[in-house]
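>>> What would the 3D arrangement of this be:
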Amino acid sequence: MTPQKNTFNGILNVYKEQGYTSHDVVAKLRGILKQKKIGHTGTLDPEAEGVLPVCLGKATKLCDLLAGHDKVYEAVMLLGQSTDTQDTTGTVLESATVTASEEEVREAVLFFEGPYEQIPPMYSALKVNGQKLYDLARKGREVERPARDIIVHEMELLDFDENAQKGTLRCVVSKGTYVRTLVNDLGEKLGTLAVLHSLVRTRSGAYPLDRCRSFEDCERAMADGTMQQLLLPTDSLFTDCPAVALTAEGAERIARGAVVFPRQTDSLPETAGTLCRVYHEGRFLMLGQVRELDKGGLGLFVYKNFR
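As a prediction, the model looks like this:
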């Protein structure tokens, strides 16, 4: 007898537990949901926990877009120690006696806000010359890694225990930021050593921690037939983009990839480059973009189709 297959479409805001890789989460959900078309939206270290949006069905077209959104983390750091992985799971390389004050740490944290060139850690999934860095690191090899441009939008010290030399950071960062490395670099800025003790992602793009679902939530929903109700609609990713409703003529044109003119919409933004949520009769069709026309004026073009 052929196993039943489901087709759920939407975004599941998963709470990733410690010990799971992002691929483990996808594999687990495929088993629970009996659905193959599932994709995660970027790696989260196995020892980290928190928000991991997962795309199902037609929403898998969103994976790359979601991965590019800013992330928010709460990171517990420990001063006076360095490891090969830049967190407390690694082998200790060096220890030092530290007497940093809370005021000193707060002042050092301010240095990191803004554009920043970060050198990725050896224990990461990035590839150099076709080889994953963590594979090289496990063989005891260290290679040169080019610095990557990131943005630390916000970084603040939430608390600091001067006796334990342990504190909690809140970081709002761009795609590709390694919080482990931020903590390591903060230690260097303080003239000492620092490692990441624990990490929780509290937001990924539009998806917050308090709206996460567990594997157990999914198992219960599958049992009582309410799984689709746990999913967020595809357009929930684009709540910061203006909505544009199309006339029947406009919907017909954009369905075949043709430009839509302002008269075929309820209201078209007047700034070229604007991304828009595109609807027809209340149904989300795609992400559109306002562009200048060769003969003057503006039109709406397909940017990303989710149908």
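>>> confidence score at the residue lying closest to Ala194 once chain neighbours are set aside?
The shortest distance from Ala194 to any non-neighbouring residue, by CB to CB, 6 or more residues apart in numbering, is to Gly187 (2.7 Å). Where C-beta positions appear, they are placed from N, C-alpha and C, glycine not excepted. pLDDT for Gly187: 96.
>>> next one: the one 10 residues further on
pLDDT recorded at His197 is 97.
>>> Look at Leu237 and say how many residues are nearby.
The local packing of Leu237 (other CB atoms under 10 Å) involves 24 other residues.
>>> if I pick it, what's in contact with it?
Taking CB atoms under 8 Å, 6 or more residues apart in numbering as the criterion, Leu237 is in contact with 11, 62, 65-66, 69, 205-206.
>>> Do me a favour and get the backbone dihedrals for it.
For Leu237, the backbone dihedrals are phi -70, psi -20 (criterion: degrees, to the nearest 10).
>>> gap between it and Tyr15?
To Tyr15, Leu237 is 18 Å away according to CB to CB, to the nearest Å.
>>> repeat for Thr89
Distance, Thr89 to Tyr15, by CB to CB: 20 Å.
>>> what do you get for Arg220?
For Arg220, the distance to Tyr15 under the criterion CB to CB works out to 14 Å.
>>> Thr89 and Tyr15: which has the busier surroundings?
In this comparison of Thr89 against Tyr15, neighbours counted by other CB under 10 Å, the higher total goes to Tyr15 at 19 against 15.
>>> Kindly confirm my reading that the more buried one is in a helix.
No. Going by DSSP: H, G, I helix; E, B strand; the rest coil, the assignment for Tyr15 is strand, not a helix.
>>> ranges for the helices of this protein?
22-33, 63-67, 102-110, 133-138, 179-189, 215-224, 227-230, 248-255 (DSSP state H).
>>> Return the longest strand in the chain, judged by number of residues.
In the chain, taking DSSP state E as the definition, the longest strand is strand 148-161.
>>> Now do that strand and helix 102-110, the angle between them.
For the pair strand 148-161 and helix 102-110, the angle between their directions (axes from the mean of the first three to the mean of the last three CA atoms, to 10 degrees) equals 170 degrees.
>>> among the helices of the chain, which is nearest Met155?
Go through those one by one with CB to CB and the one that ends up closest to Met155 is helix 102-110, at 5.3 Å.
>>> In that closest one, which residues have enough neighbours to count as buried?
105, 108-109 (16 or more other CB atoms under 10 Å).
>>> Hmm, Glu94 and Gly80 touching each other?
No. Contact status for Gly80 versus Glu94: not in contact, 9.3 Å apart, counting by CB atoms under 8 Å.
>>> Neighbour count for the two, which is higher?
With neighbours defined as other CB under 10 Å, Gly80 and Glu94 compare such that Gly80 has more, 19 against 9.
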